[in-house]
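Undergrad: Sequence and predicted structure, then a few things I'm wondering about:
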Amino acid sequence: MIDSMPPAEVANAERFERFGLEADAMTVAQIRHEFALWLQRFFDLDAVRCSDIVLAINEALANSAEFAYLLAERPGTIDLQGIFEPTEQKLTVLVSDRGTWRPPQTDPAPRTRGRGIPLMEALSDEYEIDRSDDGTRVRMVWHGVGRR
């Protein structure tokens with residue numbers, strides 16, 4: 001059902017791509033670190049905005065690692081794409097998996113979990129989550145991002 005593939009990596013001033021990453025906490029920590037270094041190297045972001053972007057990406061990656069493959073027979077993978085459009089000064093990040101996240105908490109009871117999705121929405125300029133039979137894809141966009 002879920003086939004792992006060797007990771008593929010690209011990083012330059014306009015693209016950061018990691019495909020076929022193992023969906024686990026160690027990989028999430030590593031990719032978060034690599035993505036933060038990419039932001040610091042290529043973009044003119046103050047420390048707060050850079051931290052906000054990294055936190056939002058971390059939440060999407062963590063949700064994929066923790067929830068996407070809970071009911072799967074084998075571990076799955078995560079893909080991360082960061083695409084910078086210099087003429088629009090826009091950074092778009094896509095986090096994808098081939099699993100199913102748990103449904104969002106809708107009851108009014110106090111939350112002990114489930115703050116990741118609201119954080120992603122609050123920390124990005126645009127946000128959408130697409131759930132399908134093929135997996136889950138989170139799209140976040142930040143405007144006004146300048147390149148170094």
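TA: Done, it's in.

Undergrad: only C-alpha atoms for contact and neighbour calcs from this point on.
TA: Fine.

Undergrad: hang on, Pro86 packs against Arg147?
TA: Yes: counting by Cα atoms under 8 Å, Pro86 does reach Arg147; the two are 7.4 Å apart.

Undergrad: of those two, who's got more company?
TA: Between Pro86 and Arg147, counted using other Cα atoms under 10 Å, the more crowded position is Arg147 (17 against 14).

Undergrad: which ones are touching the more buried one?
TA: Neighbouring residues of Arg147 by Cα atoms under 8 Å, 6 or more residues apart in numbering: Phe42, Phe43, Asp44, Pro86, Gln89.

Undergrad: In helices, which of the residues you listed appear?
TA: Phe42 (DSSP state H).

Undergrad: Make JSON lines from the contacts of Arg147 and add pLDDT and distance to Gly116 to it.
TA: Output for those, formatted as JSON lines (pLDDT from 0 to 100; distance: Cα to Cα, whole Å):
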{"residue": "Phe42", "pLDDT": "95", "distance to Gly116": "26"}
{"residue": "Phe43", "pLDDT": "96", "distance to Gly116": "25"}
{"residue": "Asp44", "pLDDT": "96", "distance to Gly116": "26"}
{"residue": "Pro86", "pLDDT": "95", "distance to Gly116": "28"}
{"residue": "Gln89", "pLDDT": "96", "distance to Gly116": "26"}
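
Undergrad: Quick one: buried ones out of the contacts of Arg147?
TA: Phe43 (16 or more other Cα atoms under 10 Å).

Undergrad: I'd like the contacts of Arg147 written out as a markdown table, with distance to Glu128 added.
TA: Below are the contacts of Arg147 laid out as a markdown table (distance: Cα to Cα, whole Å):
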| residue | distance to Glu128 |
| --- | --- |
| Phe42 | 25 |
| Phe43 | 23 |
| Asp44 | 25 |
| Pro86 | 22 |
| Gln89 | 19 |
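
Undergrad: quick one, helices of this structure?
TA: Secondary structure of the chain (DSSP H): helices at 25-42, 47-67, 116-123.

Undergrad: just the angle between the first one and helix 47-67, please?
TA: Comparing the axes of helix 25-42 and helix 47-67 via axes from the mean of the first three to the mean of the last three Cα atoms, to 10 degrees yields an angle of 160 degrees.
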